[in-house]
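Peer 1: This is a predicted model, with the sequence first.
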2 protein chains.
Amino acid sequence: MAVTDEAITKIKDMIISGELAAGDRLPPEKELSEKLGLSRSSLREAVKALEIIRVLDVRRGDGTYVTSLEPKLLTEAMTFIVDLHQDETILEIFEVRRMLEPAAAATAARLITAEQIATLRATMDNIDEQTSVESLVEHDLVFHGLITAAANNSYLESVLDSLSSSTVRARIWRGLTQEKAVDRTLSEHAAIIEALERGDIELTRALVTVHISGVEHWLRQAL
Amino acid sequence: MAVTDEAITKIKDMIISGELAAGDRLPPEKELSEKLGLSRSSLREAVKALEIIRVLDVRRGDGTYVTSLEPKLLTEAMTFIVDLHQDETILEIFEVRRMLEPAAAATAARLITAEQIATLRATMDNIDEQTSVESLVEHDLVFHGLITAAANNSYLESVLDSLSSSTVRARIWRGLTQEKAVDRTLSEHAAIIEALERGDIELTRALVTVHISGVEHWLRQAL
DNA sequence: GCAAAGCAAACATCAGACCATTAGACTGTT
DNA sequence: AACAGTCTAATGGTCTGATGTTTGCTTTGC
């Protein structure tokens, strides 16, 4: 194994073993490179890789720290990869979303607070068929993100968020606009909010399933 | 933004734009560093980061290539992070599995082939209450992996695989062994195989839900 | 034609220098 | 005492250039 990969493994092991905990600061690059027996440049490659997947947080002029390691931090690394897939595999992504989102929404229907419902409702303001695609994408991301968040499971949130990369959404909304299906999508959103508010778990699940499947169906035709 | 991060973004953009396709070879480090306007060392940090998340494949003495970019390659980067979480968040991971695996198994019940069923059955051979924990973990990983694979969705496979890091499984099986629950788990596996073979979608879904929930329930007590 | 040797290209690693930023100590003012 | 500004040491960011190692291809010799 290359020295850089060894360094990555060693740092990972230091975290798993508890030698380094969330929030801890690593020794300075010079010191750590000596301790691990490699040059500073090679160590830096390892640190950069761990930074990308959000395991380390490097603060210039200060030091390098272990992140909070919250599952939510998964998102960006995954999104990075999802962004690179924008063709056939989108349908596979939608299939996963169709499995997860209804379940997430059903859980949310049990747990959601009045305040969260109000926030959800606010995302519907100033949105109609004339709204720009950018605003629609923004609304859609926030809408689904809020529901997912209400399910109170950061892994779930992380996985769903990353399956919903905004580049992918933008493409879809652009298509929907052309198909004049914006109105239908928005009324589905409104129906979902009502079901959530009534705490109707099964109705929420069904509405979300229909909602996701609708977009999926359109997408399947479009491709 | 630091030059290294700029380089990461630029390489990513070259892939999204199609300038670099899956399997393509990047220019040599020296040349690329000049083109992107940074030093070779900094570029190497960027390349290393992209290698870790399986976007690039560096072959010493040969060159650097864009990987196949298949969703399955997601797994390792995600597993890396899941490995780091072995305490409270395990329950969140199980909740996501409980949402996804029954749906995945239901899809598998529609699509699975006789050959795949035979492979699945073979994983039950030589496994009983006296088997070592290592073998149980291996069996369990393969068992669930095969079902997921039969659902024919590489994103789904990737996400579920990474939520099932073997370190986590090992801990759970160790606990189950102590609780003498191995037998029950194995007979549940057998029942799932039968339901899959009969193509009984709803029964498969129910059995998998019960199966996952059972482990989840034990885990909730243990923590 | 084929196998071995040689070569050039490409990545791997290192050492050392200098720049840029930050946190914290220090200092002076109010 | 409280605050604001300044200074400084520590730390990461970047670059240069040299050397080692591996690989794929070409050349050579039979």
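Peer 2: That came in fine, so what should we check first?
Peer 1: how far away is the closest residue to DNA strand C within chain A from B:R44?
Peer 2: Ranked by C-beta to the nearest atom of the strand, the top residue of chain A for proximity to DNA strand C is A:G61, at 2.2 Å. No exception for glycine: its C-beta is placed from N, CA and C like everyone else's. Using C-beta to C-beta, to the nearest Å, one obtains 23 Å as the distance from A:G61 to B:R44.
Peer 1: Show me which of those two is the more surrounded one.
Peer 2: When neighbours are counted by other C-beta atoms under 10 Å in any protein chain shown, A:G61 and B:R44 differ, and B:R44 comes out ahead with 23 against 4.
Peer 1: So what does that one have for phi and psi?
Peer 2: With angles defined as degrees, to the nearest 10, B:R44 shows backbone torsions of phi -60, psi -40.
Peer 1: Could you tell me the per-residue confidence at it?
Peer 2: The per-residue pLDDT reported for B:R44 equals 93.
Peer 1: cool, and A:T167?
Peer 2: 64.
Peer 1: Please apply the same query to A:G23.
Peer 2: On the pLDDT scale, A:G23 gets 93.
Peer 1: for A:L223, same thing?
Peer 2: Looking at A:L223, its pLDDT is 70.
Peer 1: try A:Q86
Peer 2: pLDDT, the model's per-residue confidence, is 69 for A:Q86.
Peer 1: what's the helix or strand for the residue of chain A closest to DNA strand C?
Peer 2: In the assignment (DSSP states H and E), A:G61 maps to no helix and no strand.
Peer 1: For chain A, which helix or strand comes out least confident on mean pLDDT?
Peer 2: Among the helices and strands of chain A, helix A:166-178 carries the lowest confidence by mean pLDDT, DSSP states H and E, at a mean of 70.
Peer 1: Contacts for that one, please.
Peer 2: The contact list for helix A:166-178, computed with C-beta atoms under 8 Å, 6 or more residues apart in numbering or on different chains, reads A:82-83, A:86, A:90, A:93, A:133-134, A:136-137, A:140-141, A:182, A:185, A:215, A:218-219, A:222.
Peer 1: okay, now the domains of chain A?
Peer 2: Under the assignment automatic domain parsing, the domains of chain A span A:3-68, A:73-222.
Peer 1: which one of those has the lowest average pLDDT?
Peer 2: Between the domains of chain A, the lowest average pLDDT goes to domain A:73-222, which shows a mean of 87.
Peer 1: What residues does chain A have near DNA strand C?
Peer 2: With C-beta under 7 Å from any atom of the strand as the criterion, chain A comes near DNA strand C at residues A:2-4, A:37-42, A:59-62.
Peer 1: Apply 6 Å and report the result again.
Peer 2: When proximity is defined by C-beta under 6 Å from any atom of the strand, chain A lies next to DNA strand C at A:2-4, A:38-39, A:41-42, A:60-62.
Peer 1: Who wins on neighbours among these?
Peer 2: Counting neighbours by other C-beta under 10 Å, A:T4 comes out on top of those with 24 neighbours.
Peer 1: What distance do you get for that residue to A:V66?
Peer 2: Counting by C-beta to C-beta, the gap from A:T4 to A:V66 is 19 Å.
Peer 1: quick one: buried residues of stretch A:71-82?
Peer 2: By 16 or more other C-beta atoms under 10 Å in any protein chain shown, the buried positions in stretch A:71-82 come out as A:71, A:73-75, A:77-82.
Peer 1: Say whether chain B is contacted by that stretch.
Peer 2: Yes: Stretch A:71-82 comes into contact with chain B when judged by C-beta under 8 Å from any C-beta of the partner chain, the residues involved being A:71, A:73-74, A:77-78, A:80-81.
Peer 1: quick one: which of the buried residues of stretch A:71-82 sit in helices?
Peer 2: Residues from those lying in helices, with DSSP state H as the criterion: A:74-75, A:77-82.
Peer 1: Pick the one among those residues closest to B:E29.
Peer 2: Each of those was checked against B:E29 using C-beta to C-beta; the closest is A:F80, at 21.6 Å.
Peer 1: ok, now which ones touch that closest one?
Peer 2: With contact taken as C-beta under 8 Å, 6+ apart, A:F80 is in contact with A:52, B:12, B:53, B:55.
Peer 1: again, 10 Å this time
Peer 2: Taking C-beta atoms under 10 Å, 6 or more residues apart in numbering or on different chains as the criterion, A:F80 is in contact with A:52-53, A:162, A:165, B:8, B:12, B:49-50, B:53, B:55, B:74, B:77.
Peer 1: can you check A:A106 too?
Peer 2: Neighbouring residues of A:A106 by C-beta under 10 Å, 6+ apart: A:151, A:195-196, A:200-206, A:208-209, B:99.
Peer 1: now do 7 Å
Peer 2: Contact criterion C-beta atoms under 7 Å, 6 or more residues apart in numbering or on different chains gives A:201, A:204-205 as the residues in contact with A:A106.
Peer 1: Quick check: the residue nearest the centre of chain A vs A:N153, distance?
Peer 2: By C-alpha atoms, centre = their mean, the mean C-alpha position of chain A lies nearest to A:D161, the distance being 2.2 Å. Shown here: A:D161 relative to A:N153, a distance of 12 Å by C-beta to C-beta.
Peer 1: those helices in chain A, which residues are they?
Peer 2: Counting by DSSP H, residue ranges of the helices within chain A are A:3-16, A:29-36, A:40-52, A:74-84, A:89-111, A:114-122, A:133-150, A:154-163, A:166-178, A:182-198, A:201-222.
Peer 1: Next one: A:P28 from A:H139, what distance?
Peer 2: A:P28 sits 46 Å away from A:H139, going by C-beta to C-beta.
Peer 1: Could you check which of those two is surrounded by more residues?
Peer 2: Neighbours per residue (other C-beta under 10 Å) separate A:P28 from A:H139, with A:H139 holding more: 20 against 12.
Peer 1: does the more buried one really touch A:I127, like I thought?
Peer 2: Yes: between A:H139 and A:I127 there is a contact under C-beta atoms under 7 Å: 5.2 Å.
Peer 1: wait, what's in contact with the closest residue to A:S135 other than its chain neighbours?
Peer 2: Nearest residue to A:S135 in three dimensions, chain neighbours excluded: A:I127, at 6.6 Å (C-beta to C-beta, 6 or more residues apart in numbering or on different chains). In this structure, A:I127 makes contact with A:135-136, A:139, A:186, judged by C-beta under 7 Å, 6+ apart.
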